[in-house]
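*Asks:* need a structure here:
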Amino acid sequence: MIKTDHIAVLTHSSIKVQCEAGTVYFDPFHIPEESHDADAILITHEHYDHFSPEDIEKIAKSDTLVVVPEGMKTKAEKELPSGCRIQTVKPGEKYQIGELEFETVPAYNRLKPFHPKSSGWVGYLLRVGEETVYVAGDTDATAEAAQVRCDIALVPVGGTYTMNAKQAAELINRIRPAVAIPTHYGSVVGSKDDAVVFAEKVDPTISVEIKMP
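*Replies:* Reported below is the predicted structural model:
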């Protein structure tokens with residue numbers, strides 16, 4: 001059985017993972033207090049609820065690695081705390097930075113205008129021991145997402161700007177991780193009911209864990 005004790009969904013799409021590379025955050029947002037414990041911070045795209053310099057400052061250390069899509073380089077250099085090491089990435093590539101090993105997956109809307117494919121925004125496939133954790137970012141159920149192979153998948157379910165609960169469940173039923181965790185609901189968009197609908201529509205052979213406080 002795959003355990004997820006090392007994964008926390010803090011709020012919205014703010015995720016914290018403990019792994020060999022240390023403490024890794026994805027899209028930190030509404031961080032309640034300063035911890036300065038981030039070894040790496042992976043940003044999916046530039047929207048305020050995913051790239052929040054104010055929240056990054058609360059968790060960054062003097063040498064924290066911050067990974068951003070290539071098109072965000074100038075913005076990151078201008079707005080991130082001094083001392084952060086910036087690494088830019090492109091969709092569909094593999095990276096290893098020290099003990100941090102991950103791949104990028106294109107994250108975009110198919111018909112909606114909020115996350116155009118041309119922006120080069122990403123989700124991440126993070127290697128954690130023998131497991132792969134997929135953090136989808138703000139995306140619809142795209143062809144690239146349907147090709148992902150992972151053990152644990154964190155996917156947006158709130159609709160409006162991303163796929164909704166039903167569409168997210170259909171994606172999960174196609175890629176078949178051992179564990180699925182809903183994100184991107186309950187504050188900026190969507191409600192706790194979206195997580196419930198998602199859990200109901202995911203194949204019962206796939207474990208669904210609702211981790212949002």
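*Asks:* in contact with residue 213, which residues?
*Replies:* By C-beta atoms under 8 Å, 6 or more residues apart in numbering, residue 213 lies in contact with 10, 11. (C-beta placed from N, C-alpha, C; glycine too.)
*Asks:* run the last query once more with 7 Å
*Replies:* Contacts for residue 213 (C-beta atoms under 7 Å, 6 or more residues apart in numbering) come out as none.
*Asks:* what segments of the protein are helices?
*Replies:* 53-59, 73-79, 143-146, 165-175, 192-201 (DSSP state H).
*Asks:* give me the residues contacting the third one.
*Replies:* Contacts with helix 143-146, where a contact means C-beta under 7 Å, 6+ apart, come from 105, 106, 136, 139, 171, 174, 175.
*Asks:* can you check the first one too?
*Replies:* For helix 53-59, the surrounding residues in contact (C-beta under 7 Å, 6+ apart) are 25, 28-31, 34-38, 41, 66, 79-81.
*Asks:* ok, so of those residues, who is nearest residue 120?
*Replies:* Of all the contacts of helix 53-59, residue 66 has the smallest distance to residue 120: 16.5 Å, by C-beta to C-beta.
*Asks:* so how far is residue 73 from that closest one?
*Replies:* Computed as C-beta to C-beta, to the nearest Å, the residue 66 to residue 73 distance reads 11 Å.
*Asks:* intersection of neighbour lists for these two?
*Replies:* residue 86.
*Asks:* with neighbour numbers in mind, choose between these two.
*Replies:* Legend: neighbour count by other C-beta atoms under 10 Å for residue 66 and residue 73, higher for residue 66 (23 against 13).
*Asks:* what's the pLDDT at that one?
*Replies:* Each residue has a pLDDT score; the one for residue 66 is 98.
*Asks:* of the helices of the chain, which approaches residue 47 most closely?
*Replies:* Of the helices of the chain, nearest to residue 47 by C-beta to C-beta is helix 73-79, at 11.5 Å.
*Asks:* could I get the full set of strands for this structure?
*Replies:* When assigned using DSSP state E, the strands of the chain occupy the ranges 7-11, 14-19, 22-26, 38-42, 60-69, 85-89, 94-97, 100-106, 122-128, 131-135, 152-156, 179-183, 207-208.
*Asks:* can I get these in TSV including distance to residue 162?
*Replies:* TSV is the format used below for the strands of the chain (distance: least, C-beta to C-beta, whole Å):
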stretch	distance to residue 162
strand 7-11	15
strand 14-19	15
strand 22-26	15
strand 38-42	17
strand 60-69	17
strand 85-89	20
strand 94-97	24
strand 100-106	14
strand 122-128	11
strand 131-135	13
strand 152-156	4
strand 179-183	9
strand 207-208	17
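*Asks:* partners of the residue nearest the centre of the chain in the sheet?
*Replies:* Centroid check for the chain by C-alpha atoms, centre = their mean gives residue 135 as the closest residue, at 3.6 Å. Here residue 135 sits in beta bridges with residue 124, residue 154, as judged by DSSP bridges.
*Asks:* you'd agree it is up against residue 14?
*Replies:* No - Residue 135 lies out of contact with residue 14 (C-beta atoms under 7 Å); the separation is 10.7 Å.
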